[in-house]
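K.L.:
Compute the structure for the input listed below.
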Amino acid sequence: MAQAQSTEADWVSRFADEVIAEGERRAPGKPIVVASGLSPSGPIHLGNLREVMTPHLVADEIRRRGHECVHVLSWDDYDRYRKVPAGIDPSWAEHIGKPLTAVPAPPGSPYGSWAEHFKAAMIEALDELGIEYRGISQTEQYTAGAYREQILHAMKHRGDIDAILDQYRTKQKPAKKQQQKPLDEAELEAAEGSGAAAEDDGSAGGAGYFPYKPYCTVCNKDLTTVTAYDEESTELTYTCACGHGETVLLSEFDHGKLVWKVDWPMRWAYEGVVFEPSGVDHSSPGSSFQVGGQIVGPIFGGEQPIGPMYAFVGISGMAKMSSSKGGVPTPGDALKIMEAPLLRWLYARRRPNQSFKIAFDQEIQRLYDEWDKLNAKVADGTVLPADAAAHSRAVRTAAGELPTTPRPLPYRTLASVVDITAGHDEQTLRILGDLDPANPVKSLDETRPRLDRAEHWINTQVPAESRTVVRAEPDTELLSSLDEQGRESLRLLLEGLDEHWSLDGLTTLVYGVPKVQAGLEPDAKPTPELKVAQREFFALLYQLLVSRDTGPRLPTLLLAVGADRVRKLLGA
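P.N.:
Numbering: from 1, shown residues only. I've put the predicted structure just below:
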């Protein structure tokens, strides 16, 4: 069975081995729990996707081996609203300090809150990526009193928590080693993480340390200070910057949360998490992951999850991105220009501690070529084990295969065709049908969804000045200035058009014309002189067809323009 194929050579299998052994040691016979946490404080970007993809791939491998595994995805939607992002009405600043679920959604959104708005896009992307998880809203958990015992316990042991945190507060923070250099503003934003890593640890003034932060019951903000707490009665008194103050019974009060550095280890113990990766922002000395490891055992009787620190995910081609004004691209943005298996593969083939880039520029064409080559190697059995494992994780999960394009034509070909036809379906079908006359494409549906992804890429990521516009009339000035050799090269091309009218045929023809002119056979190996002649010939064809020195691959361009129009533009 393909699903159980050997994956011994990849990082996912090695983690799965460790996690299964660790799960058996911690809770024999129980389902294994892996975890991710996402803050819907703004667009959830492709760097954050690694937070989910890493445990997903490990959980999926564990399930493939027949073990029960639960992937818990915590939506940190009870976190405070920290800042108004670029492009949002500045009046949203009045909501700073409220839980994300209590902040209105951005203008024009159909969702009931800020958190729901940004969760919705991610939920849709996770579904398309085949990621199975159990979502947990921290707003629901806290307001339903799910963690009441844990909160009372943390307040009782606040002196011990304070002592642990204090070891890190006084330490000089080491100079940050920048391992990967983010390239621009938006990438810096992507590197920043959710921001929870920088949250305070609940240290307080004269009344002592309290690891719990109430949201004020009047203004609903966390601009509160706990001024007194009585352990016996659980009476807690707080004041708020808005002027409100009150005394509540913490054993009944569900309008606040543990500070982040205590909240995270509490959840590790509560959920029994065995595996959870952490971003660079959570892994420096004194950060929440390290401190949480010191708190989880002594305070909550749990164990810190095992899991790697994951590296930065960069974007190539961001500067040109039409959506770059709105910040960093999201998984939803990537899925508009690439199919889900390709996006999964980018995460599966790199170890979590390796950074990599997701292409929104011309590089996406090369990535797709690489992906198609890998598919061919899998099909003919020449693939290496680690590559086979990454491929298997990209195209299927334990639950089944992901949808794919029935006839996956090269992405660069599809992009060139929709560029030239401006998305005209009949024209597109005519050209795709001519690519391989022996086995023509009969319906555009055979080439979808890849065709739609290529079209979206051309329309949103390729600047207008790089789009291909075929000439309406011949360039008579250039044609009349050609020497005998130039005229002969066009004559040879035009004479061979009918006989070579397919993608492979035209490839042979355009490369072969300069060879014939040099007195060589059409299949002769190219020499340096011949390569120069070929480049000059190609530049001439581009000038005559699209008034530029370069453009889409010539065979594709010729098919797209059509034989009659090619004859007209080349002066026949």
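
K.L.:
Outside of stretch 486-496 itself, list whatever touches it.
P.N.:
With Cβ atoms under 8 Å, 6 or more residues apart in numbering as the test, stretch 486-496 has contacts from 482, 509-510, 512-514, 516-517, 537, 540-541, 544, 566-567, 570-572. No exception for glycine: its C-beta is placed from N, CA and C like everyone else's.

K.L.:
Buried residues in the helix or strand containing His56, which are they?
P.N.:
For His56, the element it lies in under DSSP states H and E is helix 46-64. For helix 46-64, the neighbour count (16 or more other Cβ atoms under 10 Å) marks 46-64 as buried.

K.L.:
What's the first helix or strand after it?
P.N.:
Note on helix 46-64: by DSSP H and E, the next helix or strand toward the C-terminus is strand 69-75.

K.L.:
Run the angle between that next one and helix 46-64 for me.
P.N.:
Inter-element angle recorded for strand 69-75 and helix 46-64: 160 degrees (by axes from the mean of the first three to the mean of the last three Cα atoms, to 10 degrees).

K.L.:
helices or strands up against strand 69-75?
P.N.:
Packed against strand 69-75 by the contact rule (3 or more Cβ pairs under 8 Å, 6 or more residues apart in numbering; DSSP states H and E) you find strand 32-38, helix 46-64, strand 134-137.

K.L.:
quick one: that strand to strand 32-38, angle?
P.N.:
Using the same axes, to 10 degrees: strand 69-75 against strand 32-38 is 20 degrees.

K.L.:
CA atoms only for the helix or strand that strand 69-75 is followed by - export them in PDB, please.
P.N.:
Downstream of strand 69-75, the first helix or strand assigned by DSSP H and E is helix 114-128. Taking C-alpha atoms only, helix 114-128 is exported to PDB below (Å, rounded to 0.1, in the frame of the first residue of the first chain):
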ATOM      1  CA  TRP A 114     -11.400  40.700  14.900                       C
ATOM      2  CA  ALA A 115     -10.400  37.100  16.000                       C
ATOM      3  CA  GLU A 116     -13.100  35.400  13.900                       C
ATOM      4  CA  HIS A 117     -12.200  37.400  10.900                       C
ATOM      5  CA  PHE A 118      -8.500  36.300  10.900                       C
ATOM      6  CA  LYS A 119      -9.300  32.800  12.000                       C
ATOM      7  CA  ALA A 120     -11.700  32.300   9.100                       C
ATOM      8  CA  ALA A 121      -9.100  32.700   6.400                       C
ATOM      9  CA  MET A 122      -6.700  30.300   8.100                       C
ATOM     10  CA  ILE A 123      -9.400  27.700   8.800                       C
ATOM     11  CA  GLU A 124     -10.200  27.700   5.000                       C
ATOM     12  CA  ALA A 125      -6.500  27.300   4.100                       C
ATOM     13  CA  LEU A 126      -5.900  24.500   6.600                       C
ATOM     14  CA  ASP A 127      -8.900  22.700   5.200                       C
ATOM     15  CA  GLU A 128      -7.500  23.000   1.600                       C
END
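
K.L.:
just checking, what packs against helix 114-128?
P.N.:
Using 3+ Cβ pairs under 8 Å, 6+ apart: helix 114-128 touches helix 331-337.

K.L.:
In the stretch 301-450 of the chain, where is pLDDT below threshold?
P.N.:
Residues of the stretch 301-450 of the chain that meet the criterion pLDDT under 70 lie in 318-327.

K.L.:
Thought Tyr209 was touching Asp162, still the case?
P.N.:
Yes - using Cβ atoms under 8 Å, Asp162 makes contact with Tyr209 at a distance of 3.9 Å.

K.L.:
Which secondary structure element of the protein has the lowest mean pLDDT?
P.N.:
helix 185-191 (a mean of 45; mean pLDDT, DSSP states H and E).

K.L.:
Report the angle between the helix holding His56 and helix 114-128.
P.N.:
Here helix 46-64 points in a direction 50 degrees away from that of helix 114-128 (the same axes, to 10 degrees).

K.L.:
For helix 46-64, what does the pLDDT average out to?
P.N.:
For helix 46-64, the mean pLDDT works out to 96.

K.L.:
In PDB, could you pull the C-alpha coordinates for that helix?
P.N.:
This file holds the C-alpha atoms of helix 46-64, laid out as PDB (Å, rounded to 0.1, in the frame of the first residue of the first chain):
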ATOM      1  CA  LEU A  46       3.200  31.700   5.900                       C
ATOM      2  CA  GLY A  47       5.800  31.900   8.700                       C
ATOM      3  CA  ASN A  48       3.000  31.000  11.200                       C
ATOM      4  CA  LEU A  49       2.000  28.100   9.000                       C
ATOM      5  CA  ARG A  50       5.200  26.300  10.000                       C
ATOM      6  CA  GLU A  51       3.800  26.300  13.600                       C
ATOM      7  CA  VAL A  52       0.900  24.100  12.300                       C
ATOM      8  CA  MET A  53       2.600  22.300   9.500                       C
ATOM      9  CA  THR A  54       5.500  20.900  11.600                       C
ATOM     10  CA  PRO A  55       3.200  19.100  14.200                       C
ATOM     11  CA  HIS A  56       0.700  18.200  11.400                       C
ATOM     12  CA  LEU A  57       3.300  16.300   9.400                       C
ATOM     13  CA  VAL A  58       4.500  14.400  12.600                       C
ATOM     14  CA  ALA A  59       0.900  13.700  13.700                       C
ATOM     15  CA  ASP A  60       0.100  12.400  10.200                       C
ATOM     16  CA  GLU A  61       3.100  10.100  10.200                       C
ATOM     17  CA  ILE A  62       2.000   8.800  13.600                       C
ATOM     18  CA  ARG A  63      -1.500   8.100  12.300                       C
ATOM     19  CA  ARG A  64      -0.100   6.400   9.200                       C
END
